[in-house]
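Participant: No letters, just coordinates:
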């Protein structure tokens, strides 16, 4: 069973905002100008603080999502929980069975490509694009 919503791997961000905040804060303190000396830098710092808050929220959301996925019996993130199936985050199809060794990046991308290709072929067949024979007893005209 695949959980609704964005998969855990799609929710992850980076901590670059915190690094920039630390660099700007250090620069402002070293210069001795404080917040009133540069409204532009103060605005940038506020933006970085908001970004840092967002990144913290994303990090917490990722951990919550990963736990929910694990309870549902699968993972969407590479190299997590070798005991659980790893599924393609977009299609929900299994790309690595639980107990199977972790996939290399190349193998991961290859399997995702195969799964998505097969799904697209299946969808085009069901939409009438396939070469299935007409049902028995159907008239041709």
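Facilitator: Cool, the structure landed. For clarity, every value in this text was computed on a predicted model and none was experimentally measured.
Participant: Next, count neighbours for residue 22.
Facilitator: Neighbour count of residue 22, defined by other C-beta atoms under 10 Å: 12. C-beta coordinates here come from the backbone N, C-alpha and C atoms, glycine included.
Participant: for residue 104, same thing?
Facilitator: Counted with other C-beta under 10 Å, the neighbours of residue 104 add up to 11.
Participant: Residue 80 now?
Facilitator: The criterion is other C-beta under 10 Å. On that basis, residue 80 has 15 neighbouring residues.
Participant: Would you state the helices of this structure in chain order?
Facilitator: Secondary structure of the chain (DSSP state H): helices located at 16-31, 39-72, 105-124.
Participant: Any chance of CSV for those, columns mean pLDDT and distance to residue 80?
Facilitator: Supplementary listing: the helices of the chain in CSV, determined by pLDDT from 0 to 100; distance: least, C-beta to C-beta, whole Å:
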stretch, mean pLDDT, distance to residue 80
helix 16-31, 68, 23
helix 39-72, 82, 7
helix 105-124, 91, 12
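Participant: can you list the domain ranges for the protein.
Facilitator: 1-72, 75-129 (automatic domain parsing).
Participant: circling back to that earlier point, and the helices of the chain as JSON lines, adding distance to residue 78?
Facilitator: Below are the helices of the chain laid out as JSON lines (distance: least, C-beta to C-beta, whole Å):
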{"stretch": "helix 16-31", "distance to residue 78": "21"}
{"stretch": "helix 39-72", "distance to residue 78": "12"}
{"stretch": "helix 105-124", "distance to residue 78": "6"}
